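Chemist: From the sequence below, what's the structure:
(3 chains)
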Amino acid sequence: MPLVQIDLDRSLAERLGQQISDHINEALVEGLGMDPTDRFQIFRTHAPGELVFDPTYNGVDRQQLVSIQILMVHMYPADTKFAMYDAIVDRLKGIGIRPEDVLISVVENGFEDWYAGRSRS
Amino acid sequence: MPLVQIDLDRSLAERLGQQISDHINEALVEGLGMDPTDRFQIFRTHAPGELVFDPTYNGVDRQQLVSIQILMVHMYPADTKFAMYDAIVDRLKGIGIRPEDVLISVVENGFEDWYAGRSRS
Amino acid sequence: MPLVQIDLDRSLAERLGQQISDHINEALVEGLGMDPTDRFQIFRTHAPGELVFDPTYNGVDRQQLVSIQILMVHMYPADTKFAMYDAIVDRLKGIGIRPEDVLISVVENGFEDWYAGRSRS
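Modeler: Numbering: from 1, shown residues only, chains lettered A, B, ... in the order given. Model (predicted):
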């Protein structure tokens, strides 16, 4: 039950939102071995100025900010995470989103930290 | 100091936002023993297409997505969390929100990870 | 790579958004020793009623809610966090935002939980 939260410019979302959604989901399936139906994504679209970034941080030429936050269960080694980041970035690059503009952040919780449509008790 | 972030359809928020807010707060009071005044909620309303989900994941018939993220201090056993989820879902069901459409996710931090209106130092 | 998410009233963001952005960044530089270019902020602006709070919780007189969520690597002792909160609140006070109205919450992850514009592999 990863929950993916994507913050991006409104114009980019209007143009490519559906493709971004599909590509991120495929990348989680590939990178994490996730069930493809385990798809929960929240798109938050922004007006100019709401996404603030430095164009140079980490030694890259950043032109915009596409923030992808992934909340998922603590169970993956670092190498799996790195492969998943690359899978996301590669796919987005294929639709014209520059790797330099992507910020991915992972937050982890436990299996007991989810309710997904039905009770366990 | 739980912080509750609710992402839902704009039309649902307009129709039931106040009741959803009240019911979630009451459920945290009941489920976690929370002080009823310890109420911090952020509603984020969405246009069609911004909340992406699979209608079948976890073996339920999902028709929309009501995402409830709860950031709270790490101090509750799993059973308490499960009871809290049930308390939320039961109350929302009472106002016509299907349990199948609810996604609850918990993220935990420590007591030192909050500033709520006044300094400790 | 802290990621800072600010939820605030739309009118406040229009009036003081740029200053809030600058002051929070300076406070992270001062409080955490952060690289000033390590600036990633997401502003989410809200209509009345979307930010729900109790005006009395924690013994303060709260008039509005300015929520500042900081996602950062787990590496700072509690005292450093407290100093950072004070640095944020002091600066915001200087532009007319009451400390009582500020809610800061920290979530932590690891170094391996970030992708910021280029791959590690």
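
Chemist: Just the buried positions in the top helix by length along chain A, please.
Modeler: Longest helix of chain A, by residue count under DSSP state H: helix A:10-32. Residues A:12-13, A:16-17, A:20-21, A:23-25, A:27-32 are the ones in helix A:10-32 that count as buried (16 or more other Cβ atoms under 10 Å in any protein chain shown). Placement of C-beta: from N, CA and C, glycine included.

Chemist: quick check, nearest of these to chain B?
Modeler: A:S21 (5.2 Å; Cβ to the nearest Cβ).

Chemist: Would you mind listing the residues in contact with A:V4?
Modeler: Each residue near A:V4 by Cβ atoms under 8 Å, 6 or more residues apart in numbering or on different chains is listed here: A:I24, A:L28, A:F40, A:Q41, A:I42, A:I68, A:Q69, A:I70, A:L71.

Chemist: Just put the residues you listed in a markdown table and tack on secondary structure and distance to C:V4.
Modeler: Shown next, in a markdown table, are the contacts of A:V4 (DSSP: H, G, I helix; E, B strand; the rest coil; distance: Cβ to Cβ, whole Å):
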| residue | secondary structure | distance to C:V4 |
| --- | --- | --- |
| A:I24 | helix | 22 |
| A:L28 | helix | 25 |
| A:F40 | strand | 23 |
| A:Q41 | strand | 22 |
| A:I42 | strand | 18 |
| A:I68 | strand | 16 |
| A:Q69 | strand | 12 |
| A:I70 | strand | 18 |
| A:L71 | strand | 17 |
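
Chemist: check the residues you listed against chain C, which are close?
Modeler: For chain C, the contacts drawn from the contacts of A:V4 by Cβ under 8 Å from any Cβ of the partner chain are A:Q69.

Chemist: got a markdown table for the contacts of A:V4, with pLDDT too?
Modeler: Formatted as a markdown table, those follow (pLDDT from 0 to 100):
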| residue | pLDDT |
| --- | --- |
| A:I24 | 98 |
| A:L28 | 98 |
| A:F40 | 98 |
| A:Q41 | 98 |
| A:I42 | 98 |
| A:I68 | 98 |
| A:Q69 | 98 |
| A:I70 | 98 |
| A:L71 | 98 |
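
Chemist: now the contacts of A:V4 in TSV, with distance to A:D90?
Modeler: As requested, those are arranged in TSV below (distance: Cβ to Cβ, whole Å):
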residue	distance to A:D90
A:I24	12
A:L28	13
A:F40	22
A:Q41	18
A:I42	23
A:I68	14
A:Q69	19
A:I70	16
A:L71	22
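
Chemist: residues in chain A within reach of chain C, list them.
Modeler: Within chain A, the positions adjacent to chain C are A:7, A:44, A:46, A:49-54, A:56-60, A:62, A:65, A:67, A:69, A:78, A:81-83, A:85-86, A:88-89, A:99-108 by Cβ under 8 Å from any Cβ.

Chemist: and the residue nearest the centre of chain A, what does it touch?
Modeler: Nearest to the mean C-alpha position of chain A, by Cα atoms, centre = their mean, lies A:I68 at 3.4 Å. A:I68 makes contacts with A:V4, A:Q5, A:I6, A:I24, A:I88, A:V102, A:L103, A:I104, A:S105, as judged by Cβ under 8 Å, 6+ apart.

Chemist: Who wins on neighbours among those residues?
Modeler: The residue in these with the most neighbours, by other Cβ atoms under 10 Å in any protein chain shown, is A:I88 (27 neighbours).

Chemist: Confirm that residue sits in a strand?
Modeler: No. Counting by DSSP: H, G, I helix; E, B strand; the rest coil, one finds A:I88 to be helix, located in no strand.

Chemist: Quick check: nearest residue in space to it, chain neighbours excluded?
Modeler: With sequence-adjacent residues excluded and distances taken as Cβ to Cβ, 6 or more residues apart in numbering or on different chains, A:I88 is closest to A:A27, at 4.2 Å.

Chemist: List the residues that contact that neighbour.
Modeler: Neighbours of A:A27 in contact, by Cβ under 8 Å, 6+ apart: A:M84, A:A87, A:I88, A:D90, A:R91.

Chemist: Quick check: end-to-end length of stretch A:96-110?
Modeler: This stretch, stretch A:96-110, spans 35 Å end to end (Cα to Cα, to the nearest Å).

Chemist: what mean pLDDT would you report for it?
Modeler: Confidence over stretch A:96-110 (mean pLDDT, whole number) is 98.

Chemist: Would it count as contacting chain B?
Modeler: Yes. For stretch A:96-110 and chain B, the contact criterion (Cβ under 8 Å from any Cβ) is met by A:V107, A:N109, A:G110.

Chemist: Among the residues you listed, which one lies nearest to chain C?
Modeler: The closest of these, once distances to chain C are taken by Cβ to the nearest Cβ, is A:V107, at 5.6 Å.

Chemist: Disregarding flanking residues, what is the spatial nearest neighbour of that closest one?
Modeler: Using Cβ to Cβ, 6+ apart, the closest residue to A:V107 is A:L71 (4.9 Å).

Chemist: What of A:L8?
Modeler: Nearest to A:L8 is A:V66, by Cβ to Cβ, 6+ apart, at 4.9 Å.

Chemist: And the pLDDT for the one you found?
Modeler: Looking at A:V66, the pLDDT reads 98.

Chemist: beta partners for it?
Modeler: Going by DSSP bridges, A:V66 is paired in beta bridges with A:V102.
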